[in-house]
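A.B. asks: how would this look folded up:
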Amino acid sequence: MKRIFPNAMRVSLVSLAATLIVTVVLMVILNLANTNSEIVHFIGKTFIALSLPFLILNPIFGFIYSFKIKDPYKILYILLHFASLCTISVVALLGFMFRYFVPFAP
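C.D. replies: Residues are numbered from 1 along each chain as shown. Now for the predicted structure:
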């Protein structure tokens, strides 16, 4: 693991930043759902299909990797990833479930 990701703090920070960026973009795309353009709906469906698994898995991997940090900021990264797991991943998991597995979902 050390050869692949030599700096644990940087990997954890990139994971946290990527999770936040994808979440913000997903919120913006969901706010564009009121438009009548078919292109916007196609882009939205594609992005949702790609981002939901990413938002479920990326915080988990970042949380696991934040335990390898050897700085005093270790507890901060663990808490931020845990908060991300509790909010973003759970909402993404619920969205994924209602989107693909529940027949009465919109």
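A.B. asks: mind listing what residue 63 touches?
C.D. replies: 78, 81, 82, 84, 85 (CB atoms under 8 Å, 6 or more residues apart in numbering). No exception for glycine: its C-beta is placed from N, CA and C like everyone else's.
A.B. asks: rerun that using 10 Å as the cut-off
C.D. replies: With contacts defined as CB atoms under 10 Å, 6 or more residues apart in numbering, the neighbours of residue 63 are 12, 15, 16, 77, 78, 80, 81, 82, 83, 84, 85, 89.
A.B. asks: Highest neighbour count among those residues?
C.D. replies: Ranked by neighbour count under the definition other CB atoms under 10 Å, the contacts of residue 63 are headed by residue 12 with 27 neighbours.
A.B. asks: how much space between the closest residue to that residue other than its chain neighbours and residue 73?
C.D. replies: By the measure of CB to CB, 6 or more residues apart in numbering, the closest residue to residue 12 outside its immediate chain neighbours is residue 66, 4.4 Å from it. Distance from residue 66 to residue 73, counting by CB to CB, to the nearest Å: 9 Å.
A.B. asks: Quick check: pLDDT value at the residue nearest to residue 12.
C.D. replies: Reading off the per-residue confidence, residue 66 sits at a pLDDT of 89.
A.B. asks: ditto for residue 18
C.D. replies: Taken from the predicted model, the pLDDT recorded for residue 18 is 93.
A.B. asks: likewise residue 100?
C.D. replies: Taken from the predicted model, the pLDDT recorded for residue 100 is 65.
A.B. asks: out of everything not next to it in sequence, what's closest to the residue most central in space within the chain?
C.D. replies: Ranked by distance to the mean C-alpha position of the chain (CA atoms, centre = their mean), the top residue is residue 55 at 2.5 Å. The shortest distance from residue 55 to any residue other than its chain neighbours is 3.7 Å, reached at residue 92 (CB to CB, 6+ apart).
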